[in-house]
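Trainee: Here is my input; please provide its structure:
(one chain, ligands or ions: 1)
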Amino acid sequence: MTTLYKASAGLGFSVILAASFAAAQPTRPCCKSPGITPSGPQAQAPEFKDLPSPGQKCWIGEVNYFIYGFDKAPGMGTAVLRVSLFGKDGKRGSDLDITGRSDMPSMRGAHDSGEVPLKLDAKGDYILPVAVVMPGEWEVRLTFSRTRIVVFRGRLTFNV
Ligand SMILES: [Cu+2]
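Mentor: All right, here's what the predicted structure looks like:
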């Protein structure tokens, strides 16, 4: 009986403590939470690292690397970008989410594809079809994330 009384009294105390603690915290918008990349007009433009050439290892920190390439030399029409993800041990990985955004840097916004998620194919490669509608320099910005937290941003360019 005594034990039960203490337990319930303790519980009551911690509920009050939790309530006063919550009240003391200033209310913050959810996007200011640590680790979450802000989005919307107040967000700073994120930096995209220039990637090495197709076929080269691109390291994401020290844990993963990826290799990208096109199925064939990009021309007018749909260019298929292929990204192969690996762990540092060289084993294939598929535990990151990748989005791609294509455009022409010389006329930014004119052909903006928006953020498009890359899809895993049967081989375990991430695939992004890029609609090339004009000759000139094209850019693809790749964003890699793990459980919605961005871990890497890189950009590649190619000429048509
Ligand atoms: Cu154009």
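
Trainee: and the protein, what are its domains?
Mentor: 2-32, 49-159 (automatic domain parsing).

Trainee: nearest to the ion, of the ones you listed?
Mentor: The minimum distance between the ion and the domains of the chain falls on domain 49-159, with 3.8 Å, by CB to the ion. Backbone N, C-alpha and C define where each C-beta goes, glycine included.

Trainee: one step back: so which of the domains of the chain is the most packed in?
Mentor: Across the domains of the chain, the average number of neighbours (mean count of other CB atoms under 10 Å) peaks for domain 49-159, which reaches a mean of 15.

Trainee: For stretch 73-92, give me every contacting residue.
Mentor: Outside stretch 73-92, the residues that touch it by CB atoms under 8 Å, 6 or more residues apart in numbering are 62-72, 93-96, 98, 100, 118, 124-135, 138, 140, 142, 158, 160.

Trainee: Can you flag which of these belong to strands?
Mentor: 64-70, 98, 100, 126-132, 138, 140, 142, 158 (DSSP state E).

Trainee: re earlier: weakest of the domains of the chain by average pLDDT?
Mentor: Among these, domain 2-32 carries the lowest mean pLDDT, at a mean of 45.

Trainee: if we can go back for a sec, out of the contacts of stretch 73-92, who's near the ion?
Mentor: residue 134 (CB under 5 Å from the ion).

Trainee: got the residues of the protein near the ion?
Mentor: Residues of the chain lying near the ion (CB under 5 Å from the ion): 104, 107, 134.

Trainee: could you redo the last one with a cut-off of 6 Å?
Mentor: 104, 107, 110-111, 134, 136 (CB under 6 Å from the ion).

Trainee: Okay, and the beta partners of residue 84?
Mentor: Here residue 84 sits in beta bridges with residue 67, going by DSSP bridges.

Trainee: Could you measure from it over to residue 93?
Mentor: 9 Å (CB to CB, to the nearest Å).

Trainee: try residue 69
Mentor: Computed as CB to CB, the residue 69 to residue 93 distance reads 17 Å.

Trainee: For residue 120, which residues are in contact?
Mentor: 94, 126-127.
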